[in-house]
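>>> With the sequence up front, the predicted model follows.
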Amino acid sequence: MDRPDIPLNGLRTFEVALRQGSFTRAAIELRVTQAAVSHQIARLEDRLGAKLFLRTSGGLVPTDEGRDLYPVLEHGLDAIARALDRITGHRHIETLKVGVVTTFAVGWLLPRLSEFRRSHPTIDLRISTNNNRVEILREGLDMAIRYGAGTWTGHNAELVLEAPLTPLCAPSVAETLSHPDCLSRQVLLRSYRSDEWSRWFSAAGASCPALTGPIFDSSIALADVASAGAGVALLPVEMFARRLAEGHLVQPFATTVSAGRYFLTWPAERPSTPAMMDFTRWITRASAELHPIVHAQITGLRSE
């Protein structure tokens, strides 16, 4: 293929600026001035005859042309890096950045990472946690594990794990719960998803009481408060198997309700790298095996 004079410096600057989300952070990574970054982007836009960024109060936002260019450029730069490593005889280490909702990270993923690293020594997996709100491109991530229905616009989604919800509480609280109606006398701890308790009570065949308990944006915090005996939390039981096995939490009723599932997601326009494909295969296989690190031995569940 006959190639024109490719503006490599400008393309590299564009890739870093979009990944970092600002010219200032791009300048720090590239070890140049912000003015130099702006100049490179302006020259590249002039060369292409198209704007690549819009400046907003929230930072840089790529235009349609910028979104089209970025995944192709990122894939090409990664391929060049792998080829150079092969030529110089170095073992290529591919960095994979994955954002993970905190509950899944603590309750399922982190205890299994040693196995992943043993089986994939050429992947440098870097995990960052979030409260289920994540922007993959803006945050410089490759993929993200999210909780929801699996419908995120512009993203591919691979189902990782079902996550049915059920009430969990301290053992002393569980002793007072002979029937779902007994929950009306307890503080019902809530997440920001307001319909979860009403859906659970409907599945249990009971009336949902007025919900006035505190609202948390973290299932980990919900579990901590419930463990202390300060209320009953509706939680994904699989994520808290260790606490159940240790007796800090108890599942008083067998009824569960599905409010979402855990998915591995990535931008649809981004070509999958070898590390992304390896991680996808590993996590889907590990979740399908359904071998929790700790199996909660829950007996005597009330069937309502």
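Cool, got the structure. Numbering: from 1, shown residues only.

>>> Using the neighbour-count criterion, name the buried positions in stretch 23-42.
With burial defined by 16 or more other Cβ atoms under 10 Å, the residues of stretch 23-42 counted as buried are 23, 25-27, 30, 36-37, 40-41. For the C-beta atoms, the positions are set from N, CA and C on the backbone; glycine is no exception.

>>> ok, now stretch 49-61?
Here stretch 49-61 shows 52-53, 60 as buried, counting by 16+ other Cβ under 10 Å.

>>> what separates it from the chain centre, distance-wise?
Chain-centre distance of stretch 49-61: 26 Å, with Cα atoms, centre = their mean, to the nearest Å.

>>> And for stretch 266-273?
15 Å.

>>> Quick check: mean pLDDT of it?
Stretch 266-273 shows a mean pLDDT of 86.

>>> Could you pull out the buried residues of that stretch?
266-267, 270, 272-273.

>>> CA atoms only for it, dumped as PDB, please.
Taking Å, rounded to 0.1, in the frame of the first residue of the first chain, the C-alpha atoms of stretch 266-273 are listed here in PDB:
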ATOM      1  CA  TRP A 266     -15.500  -2.600  26.200                       C
ATOM      2  CA  PRO A 267     -16.100   0.000  23.500                       C
ATOM      3  CA  ALA A 268     -17.600  -1.600  20.400                       C
ATOM      4  CA  GLU A 269     -15.400   0.400  18.100                       C
ATOM      5  CA  ARG A 270     -12.200  -0.700  19.900                       C
ATOM      6  CA  PRO A 271     -10.400  -3.700  18.300                       C
ATOM      7  CA  SER A 272      -9.700  -6.400  20.900                       C
ATOM      8  CA  THR A 273      -6.100  -6.800  21.800                       C
END
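
>>> picking that back up, and the buried residues of stretch 266-273, which two are furthest apart?
Within the buried residues of stretch 266-273, two members stand farthest from each other by Cβ to Cβ: 267 and 273, at 12.3 Å.

>>> on that earlier part again, can you pick out the most distant pair from the buried residues of stretch 23-42?
Farthest pair in these, by Cβ to Cβ: 25 and 40, 14.7 Å.

>>> how about the helices in the stretch 51-200 of the chain?
Under the criterion DSSP state H, counting those that start in this stretch, the stretch 51-200 of the chain contains helices at 64-88, 102-104, 113-119, 171-174, 196-204.

>>> coming back round to it: from the buried residues of stretch 266-273, pick the one nearest residue 116.
Of the buried residues of stretch 266-273, the one sitting nearest to residue 116 (Cβ to Cβ) turns out to be residue 273, at 15.8 Å.

>>> tally of neighbours for the nearest residue to that closest one once chain neighbours are set aside?
Spatial nearest neighbour of residue 273, excluding adjacent residues (Cβ to Cβ, 6 or more residues apart in numbering): residue 78 at 5.8 Å. Per other Cβ atoms under 10 Å, the neighbour tally for residue 78 reads 17.

>>> One more: residue 5?
Count around residue 5 with other Cβ under 10 Å applied: 6.

>>> where's it, which helix or strand?
Assigned by DSSP states H and E, residue 5 belongs to no helix or strand.

>>> Residue 242 too?
Using DSSP H and E, residue 242 sits in helix 241-246.

>>> And the strands in the stretch 151-300 of the chain, which stretches?
Secondary structure of the stretch 151-300 of the chain (DSSP state E, counting those that start in this stretch): strands located at 155-162, 165-168, 188-191, 215-216, 232-236, 261-267.

>>> ditto for the stretch 1-150 of the chain
53-56, 59-62, 94-101, 123-130, 143-148.

>>> Please work out the average pLDDT along the third one.
Going back to what we said before, that points to strand 94-101. What strand 94-101 shows for mean pLDDT is 92.

>>> what is the orientation angle of it with strand 123-130?
If you take axes from the mean of the first three to the mean of the last three Cα atoms, to 10 degrees, strand 94-101 sits at 20 degrees to strand 123-130.

>>> For strand 94-101, name the packing helices and strands.
Secondary-structure packing of strand 94-101 (3 or more Cβ pairs under 8 Å, 6 or more residues apart in numbering; DSSP states H and E): strand 123-130, strand 143-148, helix 274-289.

>>> For that strand, which strands pair with it and how are they oriented?
If you go by DSSP bridges, strand 94-101 pairs up with strand 123-130 (parallel), strand 143-148 (parallel).

>>> which residues are in contact with the last one?
With contact meaning Cβ atoms under 8 Å, 6 or more residues apart in numbering, strand 143-148 is reached by 96-101, 103-105, 109, 130, 132, 134, 136, 152, 160, 163, 260-266, 276, 279-280.
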